[in-house]
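Chemist: dropping the sequence and predicted coords here.
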Amino acid sequence: MGMTITEKILAAHSGRDSVVPGEIVNAKLDLIVCHDVTTPPAVAMLKKLGINKVHDPKKILVTPDHFVPNKDIKSAELSKQLREWRIEQGIERYYEIGNHGICHAIAPEQGHVLPGQTIVCGDSHTTTMGALGTFSSGVGSTDLAAALATGELWFKVPESMLFELNGDLPFGVYSKDIILYVISKIGVDGARYRAMEYRGSGLKSLTMEARFTITNMAIEAGGKSGIMPADSIAEDYVKARTSESYTIYNSDEDANYSERFTINLNELEPIVALPDLPSNGRFIGEIKREKMDQVYIGSCTNGRIEDLRIAAQIFKGNKVADGTRAIVVPATTEVWKTAMKEGLLEIFADAGCVVSTATCGACLGGHMGVLGAEEKCLSTTNRNFVGRMGSPKSKVYLASPATAAATAITGTITDPREFLKKTAAAAA
Amino acid sequence: MPELPTNLKGFAHVYDRAHINTDEIIPARYLNVHEEAELAKYAMEDIDVDFVKRVKPGDFVIAGDNFGCGSSREHAIWALRGAGIKVIVAKSYSRIFFRNAINNGFLAIEADFCDNVKNGDEVELDLTAGKFRNLSSGKEASFVPVSDFARELIEDGGLLPHIQKKAAKAA
């Protein structure tokens, strides 16, 4: 029996020729990513046990991202603990405010993620990095502490689900729409404990940035990881950022999948996930054009430069509607700088958007755009659970950056194709 | 291996719903701390504001499918434990929450018991026999006993003490 990419990576990292789903393996880790919310408790646990040295500082990357720039005294203390700890441990891969970014965006952007690696981070959206052909999974603080102390971690080898993407995305439809569609089909626990593997001709038509959006939301279907084979697009992305060597794993022809799905990208339309579950996705033509108090464009899901370019294309020459606020949050400092150089920040500012520095911020109801009771927000983020972005009485709708920008301009949920057609006509 | 407890008793807090997520168990606005006693004050705040007023040490949370889905925040376990919850009995769990529970030596039992228990019923858990009893109604259910791996971790007090114990043995 052949193996999947996931099985091959886990076998190679646990000194085995082969593994099968259900086995528990102890896998060596190539990268451990740390941020300001879940790392300080892990560090406190290690200190309490008298473990004063991390296993290998070279395999650790640290960036404060959740509540930065610090939103209050308590979160300032968390960032301070993180900063002091990384100096004490001699961790060189550190991104301080001014160079920082949301961890799942900055780690691949700065060339720290390579195909074939094993990666953990104390954050559920760690699945993002699987788009480069890595096994990347979110853990809690205790697992993070064990990983930091020993350089390895136990994993139950997951079963894999295969998603075959065929065809090309139609005009005005994006990778966010693909993943919202997948989650609407399988549910928020449809991939529980399993690896979500993607392949197919449709995948080849997607840029790396678009792919990260898909693997990012594996956890919203309960997945342990999201993974894509590293093809020439992935290799070009990696080689532009690092000269380190890596190993590419591909699934065998006769690898075993617990379920297989085929998705014809040509049939997709812009999707909005209604409150209060990411699985409540509906084609935009099927839902009410509800009024939105706020639009949020950013996060580890959709805060990369291509996302901002799409949003700016729609915002250009338009204004945010009266009665609606629009917040744009580039995912990393590098994205912010590129957006500035390309003139995107000016387009956002002229349209009446507020542009923030990189932060997880309001995606999780932290700061920079928290919602009040009865407020509604259309957001490019990943979760719309009760109270996710603020008041438990607020409501969050998930969609692509294009749908978000179009919605900001009209103030009600709007199909982005209405605006994109105008832009295309003007350019012709 | 020492025997697991046979008579954990407490009162039930029933959430007969799927996908109770970590944003509901401990909202992110409270993640600027990680002290258990502090987190405990806000446990379940967004779905049940009275939970912290009702909960007593040793109580049980009874829930449906995919309990603890969403964020990887271990703060969800600490908030519930800090509030006094001794055991969670859910039909199923999200994988990160379940793993966090095991790693903390915290009892997360997989059993479908929502239909057999009402809010405030007194319940009893026999971990050795894999039995769950509703003392208020007399109803009983079985569950798959805790796996040996999870049991070792629970008995050692969690993953980190377990790793230390293994390292000490190897030395």
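Modeler: Looks like it arrived, so ask away.
Chemist: how about the lowest-mean-pLDDT helix or strand in chain B: buried residues?
Modeler: For chain B, the helix or strand with the lowest mean confidence is helix B:148-156, at a mean of 83 (criterion: mean pLDDT, DSSP states H and E). Residues of helix B:148-156 classed as buried: B:150-156 (neighbour count, 16 or more other CB atoms under 10 Å in any protein chain shown). Where C-beta positions appear, they are placed from N, C-alpha and C, glycine not excepted.
Chemist: ok now the following helix or strand past it, how far from the chain's centre?
Modeler: With elements assigned by DSSP states H and E, the helix or strand that comes after helix B:148-156 is helix B:159-170. Chain-centre distance of helix B:159-170: 24 Å, with CA atoms, centre = their mean, to the nearest Å.
Chemist: what angle separates helix B:159-170 from helix B:148-156?
Modeler: On the basis of axes from the mean of the first three to the mean of the last three CA atoms, to 10 degrees, helix B:159-170 is oriented at 90 degrees to helix B:148-156.
Chemist: what's the helix or strand for the most centrally placed residue in chain B?
Modeler: Centroid-nearest residue in chain B: B:I88, 3.2 Å away (criterion: CA atoms, centre = their mean). Using DSSP H and E, B:I88 falls within strand B:87-90.
Chemist: now do that strand: distance to the chain's middle.
Modeler: Relative to the centre of its chain, strand B:87-90 is centred 5 Å away, using CA atoms, centre = their mean.
Chemist: show me the contact partners of it.
Modeler: B:8, B:10, B:60-65, B:67-68, B:80, B:101, B:106-111, B:113, B:125, B:132, B:143 (CB atoms under 8 Å, 6 or more residues apart in numbering or on different chains).
Chemist: for B:R73, which non-adjacent residue is closest in space?
Modeler: B:T22 (5.3 Å; CB to CB, 6 or more residues apart in numbering or on different chains).
Chemist: tell me which stretches of the stretch 101-250 of chain A form helices.
Modeler: For the stretch 101-250 of chain A, the helices defined by DSSP state H, counting those that start in this stretch occupy A:103-109, A:141-150, A:175-186, A:201-204, A:208-216, A:232-239.
Chemist: need those in TSV (columns: mean neighbour count).
Modeler: Formatted as TSV, the helices of the stretch 101-250 of chain A follow (neighbours: other CB atoms under 10 Å in any protein chain shown):
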stretch	mean neighbour count
helix A:103-109	27
helix A:141-150	26
helix A:175-186	25
helix A:201-204	17
helix A:208-216	26
helix A:232-239	16
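Chemist: in TSV, list those along with mean pLDDT.
Modeler: Putting the helices of the stretch 101-250 of chain A into TSV (pLDDT from 0 to 100) gives the following:
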stretch	mean pLDDT
helix A:103-109	98
helix A:141-150	97
helix A:175-186	98
helix A:201-204	96
helix A:208-216	98
helix A:232-239	98
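Chemist: contacting residues around A:S379?
Modeler: Contacts of A:S379 by CB under 8 Å, 6+ apart are A:295-297, A:299, A:363, A:389, A:396-399, A:404.
Chemist: how about the residues of chain B by chain A?
Modeler: Taking CB under 8 Å from any CB of the partner chain as the criterion, chain B approaches chain A at residues B:18-19, B:21, B:23-24, B:27-29, B:31-34, B:45-47, B:65-66, B:69-75, B:77, B:92, B:94-96, B:99-100, B:103-104, B:149, B:158-161, B:163-164.
Chemist: so which of the buried residues of helix B:148-156 is the closest to chain A?
Modeler: B:L153 (9.9 Å; CB to the nearest CB).
Chemist: and the gap between that closest one and A:L10?
Modeler: Using CB to CB, to the nearest Å, B:L153 is found at 21 Å from A:L10.
Chemist: ok, and the closest non-adjacent residue to A:V173?
Modeler: Of all residues not flanking A:V173 in the chain, A:L268 sits nearest, at 5.0 Å (CB to CB, 6+ apart).
Chemist: also B:I47?
Modeler: In space, B:I47 is closest to B:E24, 4.6 Å off (CB to CB, 6+ apart).
Chemist: before we move on, the earlier item: what pairs with the residue nearest to the centre of chain B across the strands?
Modeler: Under DSSP bridges, the beta-bridge partners of B:I88 are B:V61, B:A108.
Chemist: quick one: it from B:T128, how far?
Modeler: For B:I88, the distance to B:T128 - CB to CB - is 19 Å.
Chemist: again, but for A:I214
Modeler: A:I214 is 45 Å from B:T128, by CB to CB.
Chemist: and B:A111, what does it touch?
Modeler: Here B:A111 is in contact with B:89-91, B:132, B:141-143 (CB under 8 Å, 6+ apart).
Chemist: my bad, A:V43
Modeler: Here A:V43 is in contact with A:81-82, A:85, A:145, A:148 (criterion: CB under 8 Å, 6+ apart).
Chemist: run the last query once more with 7 Å
Modeler: Contact analysis of A:V43 by CB atoms under 7 Å, 6 or more residues apart in numbering or on different chains lists A:81, A:85.
Chemist: ok, now A:M3?
Modeler: Going by CB under 7 Å, 6+ apart, A:M3 touches A:11, A:18, A:252, A:255.
Chemist: of these, grab the buried ones for PyMOL.
Modeler: Buried subset of the contacts of A:M3, written as a PyMOL selection, criterion 16+ other CB under 10 Å:
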select buried, chain A and resi 11+255
